[in-house]
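1. here is a sequence together with a model predicted from it:
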Amino acid sequence: MIKAENLKKIYSGRIVLNIPEISIGKGESFGLVGNNGAGKTTFFRIILDLIRADSGRVLSKGKDVSMNEEWKTYTGSYLDEGFLIDYMTPAEYFMFVGKLNGMSSGDVEQFIENLKSFFGSNILSEKNYLREMSRGSQKKIGIVAALMIEPEILVLDEPFSNLDPTSQFQLKNLLKKLQEKKNMCMLISSHDLNHVTEVCQRIVVLHEGEVVHDLETNENTLKELEDFFAVKGD
Amino acid sequence: MNFIQLQIKRVTRSSFWQKKLAINIIVGFFLFLLLLELLGLGFFLGKILSGAAKGGSPVLLLDKWLIYYFMVTFMMRFFIQNLPTMEITPLLHLPIKKSKISLYLNYRSLLSFFNFVPFLLFLPFTFKYLEVLSGTTFVWFAAIFFWELTSNFLVIHVKRKSTVTPSVMFVIFGIILVIGFLERFHIFSFSVISSWYFDNLLRYPEWILLPVVTAVFFFWENFRYTKNHSYLEDLTKKKKRSEKITSHLTVLEKRGVIGTLILKEVRLLLRNKRSKQMIFMLPLLLLYGLIFYPDPKNLSHQYILDLVGIFVSGGFLITYGQYILAWESRHFDFILTSNVNSEEFFHAKYYLMTIPTAMLFVLTLPYAYFGTKVLATNVVMLFYNLGINAPFLLFMASFNRKRMELDRGQMMNYQGVGLNNFLNVLPLVFVPMLLDGLFSVLFGYTASLVIIFMSGLAGIIFHRQFIALAVRFFRKNRYKIAEGFRSS
């Protein structure tokens, strides 16, 4: 589904990302972990064609993402607040994203209605603009907007941070459920080893721009990751 | 006094100050020119007034007019002067008395440019035309100064109660009309109040107490207010919604992706401070013609008609189109990754620039009163704006890579403005002027207008091709644009 070849990104002489080859298959849930500055967001931004790779390329369904815009039709993403339109109410924002993806207002309302418990309130009748809402609410809205279009590829950066415990729990279930049902290719980065091992079948550890571990998740994975990061902390 | 240090650091260390040296120099230069002009006016004020008084006393004449001076500066303050704010949130939990913070905030407003204007404008006059050594001279000037301070604190008081909204604008314009009407038909003249007060002041200096008391009163009022309202919940304002207009426009969502994008942009323009102020300025741009057209001398110069025509028919196009991508800098990553292809995105932008421009043009049709030449030039320039300038702005958009914060006002706000914004406007205005001049010499007046009209029309007909070019250029530069927009 996604394939990176000879990917390299250099900022002022420092290599921040260096991935000779990696491929992520359809229906795979892919977790990216690493410390700050390990290159997680950089990798996601290159996949989403937001920054240019200094060498190499990313193929989505076999096509270079920087050469055509087809991937936009089947990719949902939420990296940061730059993905929100902050002067809209949640309902308007959902409707906007829905319309861009050819959904009817009924489809949008139906989808949001089903997630009532995740928002904990009737989000569609919320009168505040997104910029006036808490970071947690903003994040939930951004993630749901990315999910709403039923993407084949989903890219989320730190989806669990800023969420309250209940929402973290609900989001995990939601992601697992959707991923199984729609067989989507899901890319998640996180600082939180617990969450990411719970949601993802495959964990990749980035350290200083390089892939240092590539693991299938099993009962030992969490321990293994904890050991790795404990050493790095010293 | 630590506050002052804090303030200086805040200004000098802001990324705006450090990065935009060129802009600061330009702004500083213009401010310097303005100061010089005011000072010059101050020196010649006596002569001008003596001439106008026709043998009467210039002082008495100025006394009459001072009230209008205060009215005008009050208005200007209302639009330009900012509420004295400091980032007080980080200070609230520190062991600093609230009264101290409040006092400082209010003192700071004294630094407003307007408070210094009397010194430039009236001090030279005072020394020249009033008896230098007598106490009344000092009192007369001090009274002007204290009225200005009253104005300073009153405007803060008023601005706290009301923000610049369309209804407030209407009220202000209404008041100006009423005053003008009263003066015009000699029903009541405010100059009576003005000269009554200042003439009395010259005889009985104790009248100085009136402005002193009002200034202190409003200062106290503001001090009390900021002291009692320095809680976090008071610092974030709840604003009124402009749901009414946009809810009528939701039909646009039925018009496919381009309609959806246009609706989004309309919401952007109506719901952000900076864009709202841009919209309020539009009537002024439309009235631009009134400065030039009434003078018959101007009407015989085609280049002046060209210049005015470009601004009158393209005011919206230029002010909005200059930042055509930057308006969306805060969510540009979203635009780049969502399911919109660049062609549709640019087409929506093109319609957003051209449709309002064409609609606003109807409002400028009354300029036909000044002659067919004016009308013909304006129509030609409208087509030039729509056909050539609009695609040109789409093309230039790729050069504007400065993030723009929309929650700050537009007046004297150079955030998100780069040097290229100034340079951008030049070709928009001067190219058609030069073309018209050149073609007139070569082919004559009418043919020249026809050629420019036809080129505009061709631009409109072939707008798809022009947009495709702009899109190709944008695709080439998209990483740099996105990077610029991401960094604040």
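-> On my side now, so go ahead. Numbering: from 1, shown residues only, chains lettered A, B, ... in the order given.
2. what does the stretch 351-488 of chain B put close to chain A?
-> Within the stretch 351-488 of chain B, the residues that sit near chain A (Cβ under 8 Å from any Cβ of the partner chain) are B:406, B:479, B:482, B:483, B:486. Glycine gets a C-beta too; all of them are placed from N, C-alpha and C.
3. residue B:65 is in contact with residue B:193, correct?
-> No - here residue B:193 does not reach residue B:65: they are 11.8 Å apart, not a contact under Cβ atoms under 8 Å.
4. now, the most widely separated pair of the residues of the stretch 351-488 of chain B next to chain A?
-> The largest separation in these, counting by Cβ to Cβ, is between B:406 and B:479 at 23.2 Å.
5. tell me which of the two has more neighbours.
-> Comparing residue B:406 with residue B:479 by other Cβ atoms under 10 Å in any protein chain shown, the one with more neighbours is residue B:406, at 24 against 17.
6. over to the more buried one. Which of the three states is it?
-> The local conformation at residue B:406, judged by DSSP: H, G, I helix; E, B strand; the rest coil, is coil.
7. cool, residue A:189 as well?
-> Counting by three-state DSSP, the backbone at residue A:189 sits in strand.
8. in the sheet, who's paired with it?
-> Under DSSP bridges, the beta-bridge partners of residue A:189 are residue A:32, residue A:157.
9. who are the neighbours in contact with it?
-> A:31, A:32, A:33, A:34, A:40, A:41, A:44, A:156, A:157, A:158 (Cβ atoms under 8 Å, 6 or more residues apart in numbering or on different chains).
10. go on, residue B:222?
-> B:106, B:109, B:153, B:156, B:157.
11. got it, and residue B:60?
-> Here residue B:60 is in contact with B:53, B:195, B:199 (Cβ under 8 Å, 6+ apart).
12. so who does the first one touch?
-> Looking back up the chat, that one is residue B:53. B:60, B:61.
13. kindly report the same for residue A:180.
-> Listed by Cβ under 8 Å, 6+ apart, residue A:180 has no contact partners.
14. pLDDT score assigned to it?
-> With respect to pLDDT, residue A:180 has a value of 85.
15. swap in residue B:475?
-> Residue B:475 is given a pLDDT of 92.
16. for it, which non-adjacent residue is spatially closest?
-> Closest residue to residue B:475 apart from its sequence neighbours, by Cβ to Cβ, 6 or more residues apart in numbering or on different chains: residue B:342 at 6.1 Å.
17. quick one, what contacts the one you found?
-> For residue B:342, the contact set (Cβ under 8 Å, 6+ apart) comprises A:69, B:471, B:474, B:475.
18. pLDDT score assigned to it?
-> Confidence score, pLDDT, at residue B:342: 89.
19. with respect to residue B:272, which of the contacts of residue B:222 is nearest?
-> Looking across those and measuring by Cβ to Cβ, the closest to residue B:272 is residue B:156, at 23.6 Å.
20. how near is the closest residue to the closest one other than its chain neighbours to chain A?
-> Closest residue to residue B:156 apart from its sequence neighbours, by Cβ to Cβ, 6+ apart: residue B:222 at 5.4 Å. Relative to chain A, residue B:222 is positioned 27 Å away (Cβ to the nearest Cβ, to the nearest Å).
21. would you pull up how far the host helix or strand of residue B:210 lies from the middle of the chain?
-> Using DSSP states H and E, the element containing residue B:210 is helix B:209-228. Offset of helix B:209-228 from its chain centre (Cα atoms, centre = their mean, to the nearest Å): 29 Å.
22. could you list the buried residues of the longest helix along chain A?
-> For chain A, the helix with the greatest residue count under DSSP state H is helix A:165-182. By 16 or more other Cβ atoms under 10 Å in any protein chain shown, the buried positions in helix A:165-182 come out as A:167, A:168, A:170, A:171, A:172, A:174, A:175, A:178, A:179.
23. distance to residue A:12 added to the residues you listed, as CSV?
-> Output for the buried residues of helix A:165-182, formatted as CSV (distance: Cβ to Cβ, whole Å):
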residue, distance to residue A:12
A:167, 38
A:168, 36
A:170, 41
A:171, 36
A:172, 38
A:174, 40
A:175, 36
A:178, 39
A:179, 38
